[in-house]
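Engineer: Prediction below, plus the sequence it came from.
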Amino acid sequence: MQVYLPIAEVSVNAFLLLGLGGLVGILSGMFGVGGGFLMTPLLFFIGIPPAVAVATEANQIVASSFSGVLAHLRRKTVDLRMGTVLLIGGLIGAALGVMVFNYLKSLGQVDLLVKLCYVVFLGIIGGLMFIESLNALRKSKSGAAPKRKKHTWIHKLPLKMRFRTSGLYISVIPPLLVGVAVGVLAAIMGVGGGFIMVPAMIYLLGMPTKVVIGTSLFQIIFVTAFTTLLHATTNYTVDVMLAVLLLVGGVIGAQIGAVLGAKLKAEQLRILLAIMVLAVCGKLALDLLLQPSELFSIGSGGH
């Protein structure tokens, strides 16, 4: 069943979009990532222009994250105070990111920038997560309890605040900066930023994995909603038809993902996520290297 997407100016199979939305929703529920880092490249692969994919995907993340957060709130695994600090940083970052996006769009460079950002970030994050997850799995097999380095330079920073749900007493500066970085990326790459925020919350802030997922989703909802609003009002690149189809799939998927996530060990979850991140990174890098950027697209008309 083909549907025509007016803003993207392409026809796509509706069931394919529902399936993609569902897949990303499952990831969102399982890993606490908005799933945009996978969905946006998948949209590139099926022919959606990057500018439209980025803006519309931000919209879909809001719904799947909201659905995921509800599941986590029921389990009391959301640190609302930490989420709020991350959120303040995120909103500042998103505003900055949309300004950069608009500037590059005026230069005609936005598609290349978005794809390059993906290759670089997915490569780095996927690699780090993969190595770390392997180490954690090895430790859990050898029976050694993985110890966290409790006191780092982060604990020496001023403006400390107590985050009860996470069991932390740290400066608000690192979470604010993490929020800003994630906000910028949300605007430029159409991602919730969970794939950066989740590792940052675990390794940088030292939050327990079970609290990280819900808290990450809580912050993602507001940052991506704000990003979508900015894109819709400044770029007019949000395709409502595309968003609705991805959304329906995403909401259903997020509930399934939250259930699956509860059944797997944290190390197994992280290694799965790392493998997926690296796979998408590889595909995008190949596309950038192998395909000449065509000046003319080949239509189906028999000329």
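Structural biologist: Sure, I can see it.
Engineer: From now on I want contacts and neighbour counts done on CA atoms only, so please keep to that.
Structural biologist: OK.
Engineer: If you rank every helix and strand of the chain by mean pLDDT, what lands last?
Structural biologist: Lowest mean confidence among the helices and strands of the chain (mean pLDDT, DSSP states H and E): helix 194-199, at a mean of 74.
Engineer: Can you point out the buried residues in it?
Structural biologist: Within helix 194-199, the residues scored as buried using 16 or more other CA atoms under 10 Å are 194-199.
Engineer: Stretch 125-133 too?
Structural biologist: Neighbour counts using 16+ other CA under 10 Å place 125-127, 129-130, 132-133 of stretch 125-133 among the buried residues.
Engineer: wait, which of those residues is closest to residue 45?
Structural biologist: Distance to residue 45 across the buried residues of stretch 125-133 (CA to CA) is lowest for residue 126, with 19.8 Å.
Engineer: Name the nearest residue to the closest one, ignoring sequence neighbours.
Structural biologist: Leaving aside its chain neighbours, residue 126 sits nearest to residue 274 (4.7 Å; criterion: CA to CA, 6 or more residues apart in numbering).
Engineer: Can you pull the phi/psi pair for that neighbour?
Structural biologist: Backbone torsions of residue 274, given as degrees, to the nearest 10, read phi -60, psi -40.
Engineer: What of residue 208?
Structural biologist: Torsion angles at residue 208 (phi, psi; degrees, to the nearest 10) stand at phi -70, psi 140.
Engineer: From here on, call the first residue 419.
Structural biologist: All right, first residue 419 from here; so that's residue 626.
Engineer: The stretch 569-718 of the chain: strands as residue ranges?
Structural biologist: Ranges of strands in the stretch 569-718 of the chain, per DSSP state E, counting those that start in this stretch, are 578-581, 586-589.
Engineer: Can you tell me which of those is most buried?
Structural biologist: strand 586-589 (a mean of 17; mean count of other CA atoms under 10 Å).
Engineer: could you give me the average pLDDT of that one?
Structural biologist: Averaging pLDDT along strand 586-589 yields 81.
Engineer: Ok, stretch 667-686 next?
Structural biologist: 77.
Engineer: how about that stretch: buried residues?
Structural biologist: In stretch 667-686, counting by 16+ other CA under 10 Å, buried: 667-676, 678-679, 684-685.
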